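Colleague: Here's my sequence, what's the structure:
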Amino acid sequence: MKNESSSLRKEINKSNLNFPIKITKKAIDIALKNLSPKNNNNILRISVKGGGCAGLKYLLNFVKNSNSLDISTNINGLNIAIDIFSAIHLRGTVIDYVQSLQESGFKFKNPLAKRTCGCGSSFS
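Modeller: Numbering: from 1, shown residues only. Sure thing, here's the model as predicted:
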């Protein structure tokens, strides 16, 4: 399993994807405002997990440490980590922060999603 993950990580890094997702300045600014220095959770973990009404759901949370198989970067002062499984499903995704009368929050624009739920928090 470890060798498989390592070769997968190399494949992702070789495919011209310095980091598999893009994140807008507005999304970075909001994430930086929400960092919690008290508990040292200073890495934004972006991931997907089975669930939601469409099959996979998007997750964002702050963590203290990334793991050795994560793909990590720092964009405009925001430390970001993504695991290999999630990187495969989020390749090319743009994360933005939207604020309107109807909604506010992080929005995932995933070109690999074949189907999404009505609220946009899950996909397949």
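Colleague: what's near enough to touch Asn40?
Modeller: Residues in contact with Asn40 (Cβ atoms under 8 Å, 6 or more residues apart in numbering) are Lys64. All C-beta spots, glycine's among them, are computed from the backbone N, C-alpha and C.
Colleague: Could you do Leu90 as well?
Modeller: 20-21, 46, 48, 82, 108, 110, 112.
Colleague: Just the element for the residue nearest to Thr24 when sequence neighbours are not counted, please.
Modeller: The shortest distance from Thr24 to any non-neighbouring residue, by Cβ to Cβ, 6 or more residues apart in numbering, is to Asp96 (4.5 Å). Assessed by DSSP states H and E, Asp96 sits inside strand 94-99.
Colleague: Counting by contacts, list what the helix or strand following that strand packs against.
Modeller: Tracing the chain past strand 94-99, the next element assigned as helix or strand by DSSP H and E is strand 104-109. Contacts defined by 3 or more Cβ pairs under 8 Å, 6 or more residues apart in numbering; DSSP states H and E place strand 104-109 against strand 55-63, strand 94-99.
Colleague: List the contacts of Lys22.
Modeller: Contacts of Lys22 were listed using Cβ under 8 Å, 6+ apart, and they are 93-95.
Colleague: what residue ranges in this structure score low on pLDDT?
Modeller: Low-confidence regions of the chain, defined here as pLDDT under 70, cover residues 1-18, 51-54, 114-124.
Colleague: Spit out the contact partners of the residue nearest to Thr24.
Modeller: With contact taken as Cβ under 8 Å, 6+ apart, Asp96 is in contact with 23-24, 26-27, 106-107, 109.
Colleague: Max pairwise distance over those residues: which two?
Modeller: Farthest apart among these by Cβ to Cβ are Lys26 and Lys109. That separation is 13.3 Å.
Colleague: Need phi/psi at Asn76.
Modeller: Main-chain torsions, Asn76, degrees, to the nearest 10: phi 50, psi 40.
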